[in-house]
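Return a 3D structure for these sequence lines:
(chains A, B, C and D)
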2 protein chains.
Amino acid sequence: MKNDVTATCEEGEGRLKIIAAAEKLFADHGFDAVSMHAIATAAGISKANIYHYFSNKDALYLAVLQGASAALRARLQEAMDSRGPASEALRHFAVSHLRHLLARPYLVRLFLRELLENGEPRARDLADAGLADLFASLVGILRMGQEQGELRSDFDPALVATMLLGANVIFFQSRDLLRQYPEVHFVDTPEEYDLAMVEVLLQGIRQNPQDSSS
Amino acid sequence: MKNDVTATCEEGEGRLKIIAAAEKLFADHGFDAVSMHAIATAAGISKANIYHYFSNKDALYLAVLQGASAALRARLQEAMDSRGPASEALRHFAVSHLRHLLARPYLVRLFLRELLENGEPRARDLADAGLADLFASLVGILRMGQEQGELRSDFDPALVATMLLGANVIFFQSRDLLRQYPEVHFVDTPEEYDLAMVEVLLQGIRQNPQDSSS
DNA sequence: ACACTGGCTGACCGACGGGTCGGTATTGCT
DNA sequence: AGCAATACCGACCCGTCGGTCAGCCAGTGT
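Take a look at the predicted model:
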């Protein structure tokens, strides 16, 4: 025993290689479509060796999800600190959120997969908790904006939070698909997309009497 | 041969039972997690009998997807005929779209699953085509509204179409999750959600000088 | 009565899945 | 050096997978 605790979760070079390989494969193909042999090969080790680190396939999957959850939460923490006016906070949140989605596509797809699952719970709670965090923080921003009079108070913060999250998720999820349509020109500029999206949320799209220029 | 054509695709009682069972199972658990035996049991027939109707598992899956695609497209046709002012057309579209999503949750999850897939193409194109239809029709409505001066012309129709679709999809996808939060009270009233959502899109959420009452 | 045909089945096959076992290479401590 | 623990592997076990096959059992035309 060279150090105090090894049973927690950190350290372990081989472990990390396994998790990294499994993360990508699970995200790309789903739990059942990925064999332990495939993971082992991708990680450059033998299948039996995986069982040296993880008791079974579910445990490995859970570890991957937990790692993903921790990573995403950590990175999204930045998006969640809201300072300044609500409009600015919203813009910051949206752009930051989308950037993190795009930076970790495997983890995100892992989460979306879990959200779709209707059979084994496996790690639903983890995915749920992640989304709930985002949701709560967004609602907080909006409510603050309402209390300070910057935003109208006759709309449901939860509704707008859902819309913003939905806009980001669908952008992430159907980006490749949208890319095939030439009339869509925001596919490769996520920040632009998000800024315009937040602007629509903020200003609305209906022709307003007082602004008709540009 | 009691009737003219049997080789096309319709009719076939056993066939339909198989497809119905497979549809639910595939939507709930995904392609790889569902065994032919499970489908057979759910359909109340023997596994071998499935191969009497479908050449293999992929063919069955494809048939399910095609059926789903046809069903969804047919039902969504109603949502896509846009008459009247753009605002009304949008409301109609959104509510109708969401209603159809909620009425056929299995099919929809099947599609979302396919959209997530990154491995075998299997039936990506079908799912893609379905989404593209919706997208195109929505963009059409918005563009019309712009040309007729009802909507501002400085926003990207594709952007707003994406937002609306995203809002509906995320509502569908995370409905159960949202239900656990008491502050969210639109979970069980999809029409209300969609009307409010479209209203936000149309009117915006920023405090406008000219309207401050209710 | 007969054969024939289409819906249907249980028994079966090879392949591959997750998981185990016995054993070896490597490391680090004394 | 000796020793124990760790990291790792090839071979194997057994259940289940997708898929096949020979045949059963209605119905039905002759």
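
Could you pick out the residues of chain A near DNA strand D for me?
Counting by Cβ under 7 Å from any atom of the strand, the residues of chain A close to DNA strand D are A:1, A:12-14, A:44-49, A:52. All C-beta atoms are positioned from the backbone trio N, CA, C, and that covers glycine.

can you rerun that using 6 Å?
Within chain A, the positions near DNA strand D by Cβ under 6 Å from any atom of the strand are A:14, A:45-49, A:52.

top of these by neighbour count?
A:Ile45 (17 neighbours; other Cβ atoms under 10 Å in any protein chain shown).

Now for A:Ala132, how many residues are close by?
16.

Next up, phi/psi of it, please.
Dihedral pair for A:Ala132: phi -60, psi -40, per degrees, to the nearest 10.

hang on, isn't it packed against B:Val184?
No - contact criterion Cβ atoms under 8 Å: A:Ala132 and B:Val184 do not qualify, at 10.8 Å.

domains of chain A?
Domain segmentation of chain A under automatic domain parsing yields A:11-54, A:64-203.

does DNA strand C sit close to the shortest one?
Read that as domain A:11-54. Yes - counting by Cβ under 6 Å from any atom of the strand, DNA strand C is contacted by domain A:11-54 at A:35-37, A:47-48, A:51.

Also the longest one?
No - figure legend: domain A:64-203 not in contact with DNA strand C (Cβ under 6 Å from any atom of the strand); closest approach 12.6 Å.

Tell me how confident the model is about that domain, as a mean pLDDT.
The average of the pLDDT scores along domain A:64-203 is 88.

How about stretch A:78-92, which residues are buried there?
The neighbour-count check on stretch A:78-92 (16 or more other Cβ atoms under 10 Å in any protein chain shown) flags A:79-80, A:82, A:86-87, A:89-92 as buried.

Looking at those, which are in helices?
Members of the buried residues of stretch A:78-92 lying in helices (criterion: DSSP state H): A:79-80, A:86-87, A:89-92.

how close does A:Phe172 sit to B:Glu78?
Look at A:Phe172 and B:Glu78: by Cβ to Cβ, to the nearest Å, they are 29 Å apart.

likewise A:Tyr181?
24 Å.

What of A:Asp58?
In this view, A:Asp58 and B:Glu78 are 44 Å apart by Cβ to Cβ.

which secondary structure elements does the helix or strand where A:Ala42 lies contact?
In this assignment (DSSP states H and E), A:Ala42 forms part of helix A:36-43. Contact analysis of helix A:36-43 by 3 or more Cβ pairs under 8 Å, 6 or more residues apart in numbering or on different chains; DSSP states H and E lists helix A:13-29, helix A:47-53 as its packing neighbours.

which residues sit against the last one?
Where contact means Cβ atoms under 8 Å, 6 or more residues apart in numbering or on different chains, the residues beyond helix A:47-53 that reach it are A:12, A:14-15, A:18, A:36-37, A:39-40, A:43, A:60.

Is it possible to mark the buried ones in the residues you listed?
For those, a neighbour count by 16+ other Cβ under 10 Å gives the buried set as A:15, A:18, A:36, A:39-40, A:43, A:60.

List of residues touching the helix or strand where A:Ala136 lies?
For A:Ala136, the host element (DSSP H and E) is helix A:124-147. With contact meaning Cβ under 8 Å, 6+ apart, helix A:124-147 is reached by A:65-66, A:69, A:72-73, A:76, A:79-80, A:82, A:85-87, A:89-90, A:93, A:97, A:111, A:114-115, A:117, A:151-153, A:157-158, A:160-162, A:164-165, B:174, B:177-178, B:181, B:183.

Now, of these, which are buried?
Here, 16+ other Cβ under 10 Å leaves A:65, A:69, A:72, A:76, A:79-80, A:82, A:86-87, A:89-90, A:93, A:97, A:111, A:114-115, A:117, A:151-152, A:157-158, A:160-162, A:164-165, B:174, B:177-178 buried among the contacts of helix A:124-147.

and the two most separated of the buried ones among the contacts of helix A:47-53?
Greatest spatial distance among these (Cβ to Cβ): A:Arg15 and A:Met36, at 14.9 Å.

A:Tyr51: how many residues sit nearby?
By the measure other Cβ under 10 Å, the count of residues near A:Tyr51 is 15.

before we move on, what about the one 10 residues further on?
Using other Cβ under 10 Å, the number of residues around A:Tyr61 comes to 20.

and it, what helix or strand is that in?
Under the criterion of DSSP H and E, A:Tyr61 resides in helix A:57-80.

by contact count, what packs against that helix?
So helix A:57-80, by 3+ Cβ pairs under 8 Å, 6+ apart, packs with helix A:13-29, helix A:86-103, helix A:105-116, helix A:124-147.

Now tell me what touches that helix from outside.
A:9, A:18-19, A:22-23, A:26, A:31, A:36, A:39, A:50, A:53-54, A:92-93, A:96-97, A:100, A:103-104, A:106-108, A:110-111, A:114, A:122-123, A:126-127, A:129-130, A:133-134, A:137.

All set now, cheers.
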